[in-house]
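[1] Below are the sequence and a predicted model for it; my questions follow.
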Amino acid sequence: MANDLAHPEKFFLSRFGMSDRAFERILGTALERKADYADLFFEYHSAEALALEESMVNHTSKSVSHGVGVRVCAEDRTGYAYSDEVTIDRMRLAAEAARAIADQRTTAPAVQVGAPMPHHALYEVETTPLEIPIEERARLLREIDAAARAFDPRVRNVMASIAAERKIIMIVTSEGKLAADVQPLCRLNVTVIAEDGKGGRQSGTYGGGGRVEYRYFLEGERWRQYALEAARQAIVNLDAADAPAGEMVVVLGPGWPGILLHEAIGHGLEGDFNRKGVSAFSGRIGQKVASELCTVVDDGTIPMRRGSLNIDDEGTPTSRTVLIEKGILRGYLHDRMNARLMKMKPTGNGRRESFAHTPMPRMTNTFMLAGDSTPEEIIKSVKSGLYAVSFGGGQVDITNGKFVFSASEAYLIEDGKVTRPVKGATLIGDGPDVLTRVVMVGNDLALDSGIGTCGKDGQSVPVGVGLPTIRIDGITVGGTRA
Amino acid sequence: MNTQSEPNGIHSEMDTLDSALAEWVLGEAKKHGATAAEVLMIGAESIAAGVRLGEVEKLKSSRERRLGIRVFVGQSSATASTAEVERASLAEFVASTVTLARLTAEDPWSGLPEPSMHPREIPDLGLLDPDAGIVEADRALAIARKGEKAALGADPRIKNSEGAEFDSGRYRVLFANSNGFSGEYEGSSFSLVVAPIAQDNGAMQQGYWYTANRRFAKLEDAESVGTIAAKRALRRLGARKVKTTRVPVVFDPDMAAGLIRSFAGAASGPSLYKGASFLIDRLGSRVMAPAVSIIDDARIPGALGSKPFDGEGLATNRKHLVEKGELKSYLLDCYSARKLKMQPTGNAARSVGQTPTVSTTNLYLEPGSCTPAQIIGSVRQGLYLTELIGFGVNMVTGDYSRGAGGMWIEDGQLAYPVQEITIAGNLKDMFLNIEMIGNDLQWHSTTASPSLKISEMTIAGA
């Protein structure tokens, strides 16, 4: 990456004419009423996207956004104000607005901003895809188009896009801590529409990416694999029969099906819901919530992953948190406020979509550790069931624990063999119950290819998931064939 | 906090974003070689005030302004957005966007609308509350408190809460293009949402309800919003799974509105020309039961989805998407219209820095004559659907499979709550099988529908 970003904190100082003294004054203003804590969040975000449809790279776009948010926390109250004008005046107004949640006047403590805090170095990219010539990126999209079309004559349309962004953030806290990070992210996405010539039409989608350099997509021709996967899925689905309906044995394939963990377990273990006692997992630490084959972790420290971060959006270094250990619920995911109120440690999971949002506990990369069974043994063990290998989105009601996730590629298992493809169907289950039904865990843990985005309370953040092949004895499959 | 704005307070944020700046940006684009260009500016101000269990939980206030452009060099185009709206940085921003356009493939269907298509007059649709500015924090908190208090007091089983939030916002939109079109409008919005939690026998259920309006005085009373939210949480207590079966499903008005939103998605131009819709080549065909008519009306005064011109500067309108079961109109922006060899429908939507997409404005299904009680009464065994989760709608095929909850109907009566089930079918069949239409159309958001009965769907459960 360009040298001027070796010290991202200096970027904001020079670009917007800020200084440590100015930060100290603003934080002092924020704390003129009795509060526990205040912080400033600066963000500078640049993004570029190219899209191909009908074999033309006919859409290009770019954006630059920046802003600053001032937050004041007092017990469980949060005051927040932000502006996309990064000036001392606007920050002072924001600090005055944010402190309105605290009512008791006090003498503001003296804030002294120190040197930047050290943190992980998980994505030291030399050049982001933003710096690769547009023509080169456009050529890659055209090659993807050609590869997908060559896969099968029934491919009717290909849509491919490459989106790259770079986020520079800086957090200054009333404790005098200063942390900054440069966060590259990119994603290549391919959607294929196939037609069988008899009026049947299906789509397939695949993609990947992470906090990586452009050449990541060229290594081992990853781009080709994405194109072929999308095309293969669309073609397979052309022959899919109606999906079954009812409770049955389900085998989930490795990788992206880990969205099960994200919905069924992860959200319910976020600290805010548990502090408020509104999660189906509230007050259950130490209890058995899964079969002893299951160990589930959230790990924001895996190099180059889409869900990884050097620091969270409150400046806390990310970490690896064991959520479930051999079936026992061990921990929650925390931001600073919820950790403080629950007298626990922040886990580096305080994240936000942008300066226009307040941080909340969010997942990073959430996955189950590998077990002993081979995937073949697992399939072979099932007399009758569903084998689901690819999924669209999912959702959870954290209060009653019910969650769904929708299969986009699935097959019947009959007498220990994978047989016919069936149409996509939504699977529905109960978070605190579903992992107690896991009877086999594969030795083939895989993380997803880097496509996940999680939404909570109107905020989207990039995340990762992972799973080995697992067998669940009893989950409701929402097909049409009753 | 004293942030109450005068009704014209938004101008402070938009001072620098005026039609003179728009003209200047269009001139810069031309200077750098653009053959056509458009500029969109949005300024917004808002406050959100949240309480939980009677105490202040959060206060958030914001000011934003964004500028976006789309430039054409012949048939090549590029879009861009920025928060840096000083002329010095804008000059470089425009120049680099023109360069980006030159690097983009020529697309025979791209371009601005024909100049003659722009309206001469821009109607005032009453989108801005003339009486109320941004609601001040103390008052917003008081309204949220009142809503939550009503929910917490509704029943002893309401013991916890996800809180209540009152939001107040104002925005100004300014759009101009090199055809000489220039238009602007301002709008306001106010909303209250209450989310109590009911507990019984160790199980918890959340309920929520809301009110939203462009006029502060027209919001529903906070107490009634809280009371309804509590009822919605309470009625879910004791929910159970039912056996897998095929039965009629009655969609309550909110769930029915979601159904017609899915329909509109399949009727939108980009889905159609990409081959990603189950409504391809269906214009003029019967796609719904004969009693069904669906209308998109951008000109309802003061309505949440109303706007005087669309995202490409074309006049908005009122039209049938479906009339007596027959598909009458798609939803098209200029690009998808050219691709499909049709006319744009005034439904281009725009966010700053994005190419136009398509959206509905105020979308609704015309009410019928049945009361909800008559519809429920017609069902011997079936589901009264009040909640859906997940994204199991395949726009390409119409296949539909989603997590569901509601009340089980036995002998024409709501018998007990159900959850952890799915409903599945295909949208093409579901729309043809709309058997009864309620008389209970009410506007809560930009899409509205009366209750609908679908003759049969698959329920997957135990």
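    Perfect, thanks for sending it.
[2] how about the helices in the chain?
    All of this is about chain A. Taking DSSP state H to define them, one finds helices in chain A at A:8-15, A:20-30, A:88-98, A:134-151, A:222-238, A:259-261, A:271-275, A:336-341, A:375-380, A:431-434.
[3] Oops, wrong one, chain B.
    For chain B, the helices defined by DSSP H occupy B:11-14, B:19-31, B:87-102, B:137-152, B:222-234, B:253-266, B:269-273, B:334-340, B:372-377, B:427-432.
[4] which of the helices of chain A is buried the deepest?
    With neighbours defined as mean count of other C-beta atoms under 10 Å in any protein chain shown, these peak in mean count at helix A:259-261, which reaches a mean of 28. (Glycine included, C-beta is placed from N, CA and C.)
[5] Compute the mean per-residue pLDDT across it, please.
    Helix A:259-261 shows a mean pLDDT of 97.
[6] weakest of the helices of chain B by average pLDDT?
    Among those, helix B:11-14 carries the lowest mean pLDDT, a mean of 50.
[7] residues touching residue 148, list them.
    Went with chain A since none was named. A:Val155, A:Val158, A:Ala160, A:Val190, A:Val192, A:Ala227, A:Leu228, A:Ala230, A:Ala231 (C-beta atoms under 8 Å, 6 or more residues apart in numbering or on different chains).
[8] Can you look at chain B instead?
    B:Val51, B:Arg52, B:Leu53, B:Gly54, B:Ser161, B:Gly163, B:Ala164, B:Val194, B:Pro196, B:Gly226.
[9] how about 6 Å then?
    B:Val51, B:Ser161, B:Ala164, B:Val194 (C-beta atoms under 6 Å, 6 or more residues apart in numbering or on different chains).
[10] The last one contacts B:Ala151, doesn't it?
    Yes: with the criterion set as C-beta atoms under 6 Å, B:Val194 and B:Ala151 qualify as a contacting pair; they are 5.2 Å apart.
[11] Between the two, which has more neighbouring residues?
    Neighbours per residue, other C-beta atoms under 10 Å in any protein chain shown: of B:Val194 and B:Ala151, the larger number sits with B:Val194, 34 against 31.
[12] For the chain, give me the ranges with low pLDDT.
    Since you didn't name a chain, this refers to chain A. Scanning chain A for pLDDT under 70 picks out the ranges A:1-4.
[13] My question was about chain B, not that one.
    Those would be B:1-16, if you go by pLDDT under 70 across chain B.
[14] Residue of it closest to chain A, please.
    Relative to chain A, the nearest point of chain B is B:Thr422 (2.7 Å; C-beta to the nearest C-beta).
[15] Tell me what that residue is bridged to.
    B:Thr422 has the following beta-bridge partners by DSSP bridges: B:Gly403, B:Ala460.
[16] likewise A:Gly464?
    Taking DSSP bridges, one finds A:Asn365 as the beta-bridge partners of A:Gly464.
[17] ok, now B:Ala36?
    B:Phe72.
[18] Test my guess that it contacts B:Asn179.
    No: look at B:Ala36 against B:Asn179 with C-beta under 6 Å: they stay out of range, at 7.7 Å.
[19] list residues touching both of those two?
    Contact criterion C-beta under 6 Å, 6+ apart; residues bridging B:Ala36 and B:Asn179 by contacting each: B:Leu112.
[20] The closest residue to chain B within the stretch 351-482 of chain A and B:Leu385: what is the separation?
    Nearest to chain B, among the residues of the stretch 351-482 of chain A, is A:Gly478, at 2.7 Å (C-beta to the nearest C-beta). In this view, A:Gly478 and B:Leu385 are 14 Å apart by C-beta to C-beta, to the nearest Å.
[21] Which one of these two is surrounded by more residues?
    The neighbour comparison of A:Gly478 against B:Leu385 (other C-beta under 10 Å) goes to A:Gly478, with 32 against 26.
[22] Tell me how far the residue nearest to B:Ser188 when sequence neighbours are not counted lies from B:Gly302.
    Spatially, and ignoring its direct neighbours in sequence, B:Ser188 is nearest to B:Asp129 (4.4 Å; C-beta to C-beta, 6 or more residues apart in numbering or on different chains). Separation of B:Asp129 from B:Gly302 (C-beta to C-beta) stands at 9 Å.
[23] Tell me the bridge partners for residue 188.
    With no chain named, the answer covers chain A. Residues in a beta bridge with A:Leu188, per DSSP bridges, are A:Ile162, A:Gly208.
[24] Please refer instead to chain B.
    B:Ser188 has these beta-bridge partners by DSSP bridges: B:Arg170.
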